[in-house]
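>>> Build the 3D model from these lines:
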Amino acid sequence: MSGEKVNGNIRVSIITVSYNSAKTIKRTIESVLHQTYQNIEYIVIDGASTDGTVDIVREFESDFNGRLLWVSEPDHGIYDAMNKGIKMASGDLIGILNSDDYYELDAVENMVSALGKEKYQILYGFMRTLRNGEEYSIAIRTHKDLRNGMIAHPACFVTKQTYDDLGMYNTKYKSVADYDFMLRMSDNKSVIFEPVYKLIANFEQGGMCSTTTAWLELLELQREYGIITSGEYIKTMIKHRLHTLFHRIKK
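So this is what the prediction gives:
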């Protein structure tokens, strides 16, 4: 299908996970609503927000003409919410867009245009990173370098059959389950990774991925996949603990 006229029969599900996202989610929703590609189902999984997030979601229901599905209830973390959205999705292709990020207006069209015929596909494109609303970088990391770093998750689209047949996000991880998923898929020879050389998503830097907890979980994941040795893991942990202890004493 790549290179041919975009097939409007392909159903695309976009999932946004939110929690107290009233300050940012309107921009996220609007970026989905105004896509140049129309055959989109939009799913918002909200974690029982209390700041007016749900009210903003409700305001857009009529604009989507029945294509917006949403729930607001407690969950067990961001990846549990993502899995919930994937189970609800009816699309052939799934994109996951965080509630403080947003798509380029032709993002879905570019992904559908690049979709091949294989069952198990992961398509990914360029992502613009923002710092305090200002452009910091535009980049794409190749899947061939996955062991050295995660490809841009907001700029990724995955076929529904990949999730259905090969598994979703492992909820034992709180901040790196998307990286774990991509590493698992890269080890599976039936999965096709397809780079799309277009700007797809805009990512606001900050949040969970920037925390010490996320860094420690990433180290554990790297050890599990043999990216670093147990010796390297222990050495790094000792340095971290000494550094933390030093700063506590200094205070």
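>>> Run through the residues that contact Gly95.
12-15, 103, 107-108, 111, 156-158 (Cβ atoms under 8 Å, 6 or more residues apart in numbering). C-beta here means a position set from N, CA and C on the backbone, and glycine is covered the same way.
>>> which one of those residues has the most neighbours?
Ala107 (29 neighbours; other Cβ atoms under 10 Å).
>>> returning to that earlier point: nearest to Lys235 among the contacts of Gly95?
Taking Cβ to Cβ as the measure, Lys235 sits nearest to Cys156 out of the contacts of Gly95, at 32.3 Å.
>>> ends of stretch 8-16, how far apart?
Start-to-end span of stretch 8-16 (Cα to Cα, to the nearest Å) is 22 Å.
>>> cool, stretch 218-238 as well?
With Cα to Cα, one end of stretch 218-238 sits 16 Å from the other.
>>> residues in contact with that stretch?
147-148, 173, 175-176, 179-180, 183.
>>> among the contacts of Gly95, which are in strands?
Among the contacts of Gly95, DSSP state E puts 12-15, 103, 156-158 in strands.
>>> now, the most widely separated pair of these?
The two members of the ones in strands among the contacts of Gly95 with the most space between them (Cβ to Cβ) are Tyr103 and Val158, at 15.3 Å.
>>> now the ones in strands among the contacts of Gly95 as CSV including distance to Tyr42 and pLDDT?
As requested, the ones in strands among the contacts of Gly95 are exported to CSV (distance: Cβ to Cβ, whole Å; pLDDT from 0 to 100):
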residue, distance to Tyr42, pLDDT
Val12, 9, 98
Ser13, 8, 98
Ile14, 5, 98
Ile15, 8, 98
Tyr103, 11, 98
Cys156, 17, 98
Phe157, 14, 98
Val158, 16, 98
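>>> Could I get the full set of helices for the chain?
Secondary structure of the chain by DSSP state H: the helices cover 25-33, 53-59, 78-88, 107-114, 160-166, 177-186, 212-224, 230-250.
>>> so where's the protein shaky on pLDDT?
Within the chain, the ranges that satisfy pLDDT under 70 run 1-5, 206-210, 243-248, 250-251.
>>> what's the most distant pair in the contacts of Gly95?
Checking those with Cβ to Cβ, the most distant pair is Tyr103 and Val158, at 15.3 Å.
>>> how far away is the nearest residue to Met127 once chain neighbours are set aside from Ser175?
Excluding the flanking residues, the one nearest Met127 by Cβ to Cβ, 6 or more residues apart in numbering is Ala152, at 3.7 Å. As judged by Cβ to Cβ, to the nearest Å, Ala152 and Ser175 stand 16 Å apart.
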